[in-house]
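Asks: Below is the sequence, then the predicted model.
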Amino acid sequence: MPLLPFLEADRIEAGCDEVGRGCLAGPVVAASVILPSDYHNPWINDSKKLSKNNREELIAEIKDKSLAWAIAEASVGEIDQINILNASFLAMKRAVLQLDPQPDHLLIDGNRWKSDLNLPFTCVIKGDGKFASIAAASILAKVYRDDLMEKLALEFPHFAWERNAGYPTKAHREGIEKFGSTIWHRKSFQLLPIQLDLDF
C-alpha cells in the first residue's frame, strides 16, 4: 500500500522522525522533510523495512525532489542532561528550524511531541509507515546516523558500531565489559545489566 503524500492538501507539511533513541552510544539524530504534495515514490517506506542499499539509493532522490530537508543531532551530553525523550524532541526541533521554507504543519512520528515551536502538529503512531514525508525523514536520519557510527567505529573498534550502530547487542555489551565506556557512551543509560565503573 503506497504511503500517503499528505495529511491535508494545500499546506506545507514537514515529516519528522528520529533514530537512535534505544542506543547505548552516539547522538540521537532527527530529520525533517517537506515533499511536494504530488510526489510519489513506491520505494520510500519506513527505513527499518528497507535494506542498507535501498536506503542509500533513496538519499539522493529525497534530497533532490524535496522542497526542503534537514538533519540535526542532540549530543550524548544533552541526552545525559535532559534525558533521551527530550533530546529527541530537541533534535527534531533543530531539524525543523533549518527548513526553508518553514512548514505550516508538522507530522511527527510517534505519540508525543513537545517544543516551543509555534507550529501546529499531528502525532502519527508508526507514521514512517503511513506518510511519505515521515518515511523520507526516517531514511535521511538513519543513513546519516549509521554512517556516523561507522566512522566512530574506526576510532573505537571494540564495540562493533559498524554493525550495531550503538544499539545494545551482545558484541557491544561485551566490548563495554572488556574495554570500558567511551566519550560516546550515554552515561545515563544502563550500559550493562549490572552497572560497573566503566570509564577509561
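Replies: Thanks, I have the structure now. Numbers count the residues shown, from 1 in each chain.

Asks: May I ask which helix or strand of the chain has the lowest mean pLDDT?
Replies: Least confident helix or strand of the chain, by mean pLDDT, DSSP states H and E, is helix 52-65 with a mean of 91.

Asks: gap between it and the chain center?
Replies: 15 Å (C-alpha atoms, centre = their mean, to the nearest Å).

Asks: what comes up buried for it?
Replies: Neighbour counts using 16 or more other C-beta atoms under 10 Å place 55, 58-59, 62 of helix 52-65 among the buried residues. C-betas here are computed from N, CA, C, even on glycine.

Asks: quick one: which of those residues is nearest G22?
Replies: R55 (18.4 Å; C-beta to C-beta).

Asks: ok, now which ones touch that closest one?
Replies: 47, 139, 142-143 (C-beta atoms under 8 Å, 6 or more residues apart in numbering).

Asks: want to throw those residues into TSV with secondary structure, distance to F89 and pLDDT?
Replies: Formatted as TSV, the contacts of R55 follow (DSSP: H, G, I helix; E, B strand; the rest coil; distance: C-beta to C-beta, whole Å; pLDDT from 0 to 100):
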residue	secondary structure	distance to F89	pLDDT
S47	helix	19	75
I139	helix	20	95
K142	helix	18	95
V143	helix	21	96
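
Asks: quick one, helices of the chain?
Replies: 52-65, 76-82, 84-98, 132-155, 161-164, 170-179 (DSSP state H).

Asks: how much space is there between I79 and E73?
Replies: 10 Å (C-beta to C-beta, to the nearest Å).

Asks: And K48, by the same measure?
Replies: Per C-beta to C-beta, K48 is found 20 Å from E73.

Asks: These two: who's more crowded?
Replies: Taking other C-beta atoms under 10 Å, K48 and E73 do not tie; E73 has more neighbours (22 against 12).

Asks: wait, what's in contact with that one?
Replies: Counting by C-beta under 8 Å, 6+ apart, E73 makes contact with 27-30, 91, 94.

Asks: Tell me the buried residues in stretch 92-111?
Replies: Buried residues in stretch 92-111 (16+ other C-beta under 10 Å): 92-96, 99, 103, 106-110.

Asks: Go through these and say which is closest to L119.
Replies: The closest of the buried residues of stretch 92-111, once distances to L119 are taken by C-beta to C-beta, is L106, at 5.5 Å.

Asks: Dump the contacts of R55 into a markdown table; add distance to L35 as well.
Replies: As requested, these are exported to a markdown table (distance: C-beta to C-beta, whole Å):
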| residue | distance to L35 |
| --- | --- |
| S47 | 15 |
| I139 | 12 |
| K142 | 17 |
| V143 | 17 |
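
Asks: Now a ChimeraX select for only the buried ones of those.
Replies: To isolate the buried members of those in ChimeraX, using 16+ other C-beta under 10 Å:
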select :47,139,142,143
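
Asks: Of the contacts of R55, which is the nearest to H185?
Replies: K142 (20.3 Å).
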